[in-house]
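*Asks:* Need a 3D model of the following:
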Amino acid sequence: MAKPLAWAHKNIKDTLQSPPMSGNARLEIGFLLRLLQEGESLTLPHSRPMNTIGSACHELRVSDGEQCWRVIYYLGETAVYILEVFNKKTQKTPTAVIEICRKRLGLIKLL
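*Replies:* Residues are numbered from 1 along each chain as shown. Okay, the predicted model is just below:
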């Protein structure tokens, strides 16, 4: 049985970025998340570990024209938790994103 998705804050449709995420990027992210729900293990170029946030945390990587979308997720025992969705504009993940993901991960682990 597939693990459910659990949103720690909002969903992809609610991501208010400039420019907004295209329908193709949402479809690709949805496909990759479905693979994760079904127990697939994703690696580069689609996903990479984010040990700076925590163990079992990863970053989905989706190109969208000139945009680079990232979805930070945590592979929990009972669900795939989405910690953050953002448009990555530099090589390094912003410190603010890492900090908010750590806080959300801490709250998830309290459940």
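
*Asks:* give me the element the nearest residue to residue 100 once chain neighbours are set aside is part of.
*Replies:* In space, and not counting its chain neighbours, residue 100 is closest to residue 84: 6.2 Å by C-beta to C-beta, 6 or more residues apart in numbering. Every C-beta, even on glycine, is put in place using the N, C-alpha and C of the backbone. Assigned by DSSP states H and E, residue 84 falls within strand 80-87.

*Asks:* Check which helices and strands that strand sits against.
*Replies:* When contacts are defined as 3 or more C-beta pairs under 8 Å, 6 or more residues apart in numbering; DSSP states H and E, strand 80-87 sits against strand 5-7, helix 23-37, strand 67-75, helix 95-110.

*Asks:* Can you lay out these as CSV showing mean pLDDT and distance to residue 58?
*Replies:* As requested, the helices and strands packed on strand 80-87 are arranged in CSV below (pLDDT from 0 to 100; distance: least, C-beta to C-beta, whole Å):
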stretch, mean pLDDT, distance to residue 58
strand 5-7, 90, 14
helix 23-37, 95, 9
strand 67-75, 95, 6
helix 95-110, 92, 11
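
*Asks:* Out of those, which is closest to residue 50?
*Replies:* Closest to residue 50 of the helices and strands packed on strand 80-87 is strand 67-75 (C-beta to C-beta; 6.2 Å).

*Asks:* which parts of the closest one are buried?
*Replies:* 67, 69-74 (16 or more other C-beta atoms under 10 Å).

*Asks:* Ok, stretch 51-63 next?
*Replies:* By 16+ other C-beta under 10 Å, the buried positions in stretch 51-63 come out as 53, 57-62.

*Asks:* repeat for stretch 91-110
*Replies:* Applying 16+ other C-beta under 10 Å to stretch 91-110 flags 93, 97-98, 100-101, 104-105, 108 as buried.

*Asks:* contacting residues around it?
*Replies:* For stretch 91-110, the surrounding residues in contact (C-beta atoms under 8 Å, 6 or more residues apart in numbering) are 6, 8-9, 50, 52-54, 57, 59, 70, 72, 74, 76, 81, 83-84, 86.
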